[in-house]
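[1] please work out how this folds:
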Amino acid sequence: MTTTLFGPPIDPKNNPYANPNFFDLSFNPSLPDDVQLTPGLLAGYAGGLRAFEGNDTVRGSSDAELVNGNPGKDFLFGGEGADFLQGGQDEDRVYGDSGGDSLNGNKGKDLVDGGAGNDFLRGGRDDDLLIGAQGNDTLIGDLGKDVLTGGSDSDIFVLRADAASAKSNETDIIIDFDKVNDRIGLTGGLSEANITLETFTLSVRDELREELKRLKLSDSDVESLTPQLLDYFKSYPNSQTGLPGRVEQYFLGEMSANVPEMLAVVSGYIRYQDIDPNGDGIIEGTDIKLNGNSLGAVLNATAADISGHFISF
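    Residues are numbered from 1 along each chain as shown. Next up is the predicted model:
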């Protein structure tokens with residue numbers, strides 16, 4: 001049940017970290033908070049709201065609010081206003097809703113959704129899914145193999161020079177680059193003159209086949225299940241394929257996390273057809289390289305599509 005907050009911080013006497021600069025939620029991880037903020041509640045608290053351990057849910061008001069999720073698998077909703085939301089540790093879901101928000105997943109495999117407005121999104125550490133949605137958004141995956149989807153309007157996808165990897169499948173993936181309106185930002189003083197662009201193809205079948213091998217299935221089972229699993233992805237979430245229970249469970253959980261472009265499909269933010277338009281099981285795109293290492297990849301875009309769209313960030 002959601003509790004609407006009107007008054008002072010929750011149970012400050014039992015909070016060893018109580019600080020007058022913060023509006024703190026309860027300090028009992030066995031009783032996670034589910035709260036609705038009200039306008040004016042955080043006025044006077046320079047550090048904003050702090051949730052502590054536990055899987056908390058915080059819903060913002062019409063004010064511009066600062067919310068820190070800290071440990072636990074939290075759900076943070078900005079509501080209206082220009083909010084600053086930070087997931088903290090663990091796997092969080094951070095939603096800006098409306099307004100020009102600043103959102104940060106921080107640690108863990110997070111989902112960060114800007115919603116309406118011109119938002120600034122960061123993934124933080126680990127493998128994250130960033131969705132700009134409506135508005136002119138800036139998306140920075142930071143560290144890990146992140147999936148970046150700008151949505152409508154003019155977006156900037158930022159690739160960090162210090163996150164470059166010798167392995168192309170360990171860096172960020174830009175799903176929906178718009179060659180008319182979008183830009184790619186390069187950090188570390190880099191410009192387009194410092195990079196090279198290389199076309200690549202990626203077999204979804206091969207990726208799924210390797211993931212199925214993690215289940216220690218027989219070779220014959222792997223070969224028979226791979227096309228079924230590809231069909232599952234193509235029609236998700238309306239899949240009718242009769243996959244074995246543990247394969248489907250793995251698909252919805254750990255495997256989708258290991259194959260980042262499929263995580264975006266499972267999360268419902270893109271369709272399989274968005275990453276493989278002709279449905280042949282082959283993903284095509286352009287790898288952005290710095291001194292032979294990959295900074296990130298742009299799906300369904302040629303070198304000509306993204307050339308001239310780089311800015312120093």
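[2] secondary structure class for Leu215?
    For Leu215, the secondary-structure state derived from DSSP: H, G, I helix; E, B strand; the rest coil is coil.
[3] read off the pLDDT value for it.
    In this model, Leu215 is scored at 79, pLDDT.
[4] what is the neighbour count of it?
    15 (other C-beta atoms under 10 Å). Heads up, the C-betas are built off the backbone N, CA and C, glycines and all.
[5] try the one 4 residues further on
    Other residues near Asp219 come to 8 when the count uses other C-beta under 10 Å.
[6] how about the helices of the protein, start to end?
    204-213, 219-235, 245-250, 256-258, 260-266, 272-275, 303-306 (DSSP state H).
[7] OK, contacts around the nearest residue to Ser26 once chain neighbours are set aside?
    Excluding its sequence neighbours, the residue lying closest to Ser26 (C-beta to C-beta, 6 or more residues apart in numbering) is Ile10, at 4.7 Å. Applying C-beta atoms under 8 Å, 6 or more residues apart in numbering to Ile10 gives the contacts Asp24, Leu25, Ser26, Asp33.
[8] how about a cut-off of 10 Å?
    Thr3, Phe23, Asp24, Leu25, Ser26, Phe27, Asn28, Asp33, Val35, Phe52 (C-beta atoms under 10 Å, 6 or more residues apart in numbering).
[9] hmm, back to that, present the helices of the chain as CSV; the columns should include distance to Thr196.
    Rendered in CSV, the data for those read as follows (distance: least, C-beta to C-beta, whole Å):
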stretch, distance to Thr196
helix 204-213, 24
helix 219-235, 31
helix 245-250, 37
helix 256-258, 28
helix 260-266, 23
helix 272-275, 23
helix 303-306, 9
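[10] of those helices, which is nearest Asn15?
    Taking C-beta to C-beta as the criterion, helix 256-258 is the member of the helices of the chain that comes nearest to Asn15, at 33.6 Å.
[11] rewinding a little: mean pLDDT lowest where, among the helices of the chain?
    Within those, the stretch with the lowest mean pLDDT is helix 256-258, showing a mean of 60.
[12] show me which pair in the contacts of Ile10 is furthest apart.
    Pairwise distances across these (C-beta to C-beta) peak at 16.5 Å, for the pair Phe23 and Asn28.
[13] in terms of neighbours, single out the busier of the two.
    Each of Phe23 and Asn28 has its neighbours counted (other C-beta under 10 Å); Phe23 has more, 24 against 15.
[14] wait, isn't the more buried one in contact with Gly47?
    Yes - using C-beta atoms under 10 Å, Phe23 is in contact with Gly47, at 8.2 Å.
[15] shared neighbours, the two?
    Looking at what touches both Phe23 and Gly47 (by C-beta under 10 Å, 6+ apart), the common residues are Leu66.
[16] deepest of the helices of the chain, which one?
    Among these, ranked by average contacts under mean count of other C-beta atoms under 10 Å, first place goes to helix 260-266 (a mean of 23).
[17] list the ones among the contacts of Ile10 that fall in strands.
    Thr3, Phe23, Asp24, Val35 (DSSP state E).
[18] going through these, which ones are buried?
    Phe23, Asp24, Val35 (16 or more other C-beta atoms under 10 Å).
[19] of all the helices of the chain, which one comes closest to Asp97?
    Distances from Asp97 to each of the helices of the chain were compared using C-beta to C-beta; the shortest belongs to helix 260-266, at 20.3 Å.
[20] pLDDT at Phe52, what is it?
    At Phe52, pLDDT is 89.
[21] thinking again about what came up before, look up how far Thr2 lies from the residue nearest to Ser26.
    14 Å (C-beta to C-beta, to the nearest Å).
[22] cool, and Gly60?
    For Gly60, the distance to Thr2 under the criterion C-beta to C-beta works out to 13 Å.
[23] what do the two both touch?
    Gln36.
[24] these two - which one has more neighbours?
    Neighbours per residue (other C-beta under 10 Å) separate Gly60 from Thr2, with Gly60 holding more: 29 against 10.
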